[in-house]
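Colleague: pasting the structure only:
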Ligand SMILES: Cc1cc2nc3c(=O)[nH]c(=O)nc-3n(C[C@H](O)[C@H](O)[C@H](O)COP(=O)(O)O)c2cc1C
């Protein structure tokens with residue numbers, strides 16, 4: 001009998017290079033985003049927002065990252081420059097999950113960032129449930145001040161992840177998973 005936990009037990013990411021079209025239609029994307037923002041949120045601060053990268057702007061974004069990557073490392077090999085340039089072109093939609101930190105709040109920053117992380121995970125899980133594929137990436141771009149400015153992020157905003165969403169172009173095998181018994185203990189007094 002199928003377990004209600006099957007969506008969690010079977011979920012796995014699809015590497016971005018294996019994602020392609022079609023992407024979700026507008027109504028489906030909106031429904032996915034609506035579902036994704038329902039996350040635990042200490043203090044109801046809503047410490048996140050979403051930015052969509054779509055169409056030609058995905059390539060434009062990658063092109064700018066390639067220029068920045070080369071500026072950071074003039075010896076950057078062509079293959080790596082090309083990887084930067086093309087990374088955002090595979091999936092039809094990339095959701096930039098942005099953590100926006102209320103620094104005046106008594107809720108610790110880590111908890112606010114975790115809420116934003118839940119949004120990113122919900123996107124991966126939700127996309128998978130819709131029969132799509134997704135991968136959550138960060139890489140250097142998520143931590144680069146120049147990229148943050150390019151994305152229009154404020155002083156207390158951070159990229160939690162770039163969640164690439166599309167249709168898997170091939171079957172992707174699952175990876176090895178940790179054994180629960182290696183991780184599980186019971187605290188006793
Ligand atoms: C915060 C975060 C950032 C990540 N950034 C990257 C990344 O930059 N590059 C990468 O190859 N995988 C990255 N991953 C890992 C992938 O999202 C994913 O976990 C991996 O492809 C295996 O996926 P699965 O365990 O969901 O099947 C990141 C994961 C997390 C949680």
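Modeller: Received, thanks. Computed from a predicted model, the values in this text were never measured in an experiment.
Colleague: okay, now residue 111: neighbour count?
Modeller: Neighbourhood size, residue 111 [other CB atoms under 10 Å]: 15. To be clear about C-beta, it is placed using only N, CA and C from the backbone, and glycine gets the same treatment.
Colleague: Helix or strand: which one has it?
Modeller: Per DSSP states H and E, residue 111 falls inside helix 109-129.
Colleague: can you check residue 159 too?
Modeller: Per DSSP H and E, residue 159 falls inside strand 157-168.
Colleague: got the residue ranges for the helices in the chain?
Modeller: All helices of the chain, identified by DSSP state H, fall at 6-10, 26-36, 56-72, 78-86, 109-129, 145-150, 180-183.
Colleague: Show me what the helix holding residue 111 is packed against.
Modeller: Contact analysis of helix 109-129 by 3 or more CB pairs under 8 Å, 6 or more residues apart in numbering; DSSP states H and E lists helix 6-10, helix 26-36, strand 48-54, strand 93-100, strand 133-137, strand 157-168 as its packing neighbours.
Colleague: quick one on the thing from earlier: the helices of the chain: which one's closest to residue 93?
Modeller: Between residue 93 and the helices of the chain, the tightest spacing by CB to CB is seen for helix 26-36, at 6.5 Å.
Colleague: Give me the angle between the closest one and strand 157-168.
Modeller: Relative orientation of helix 26-36 and strand 157-168, computed by axes from the mean of the first three to the mean of the last three CA atoms, to 10 degrees: 130 degrees.
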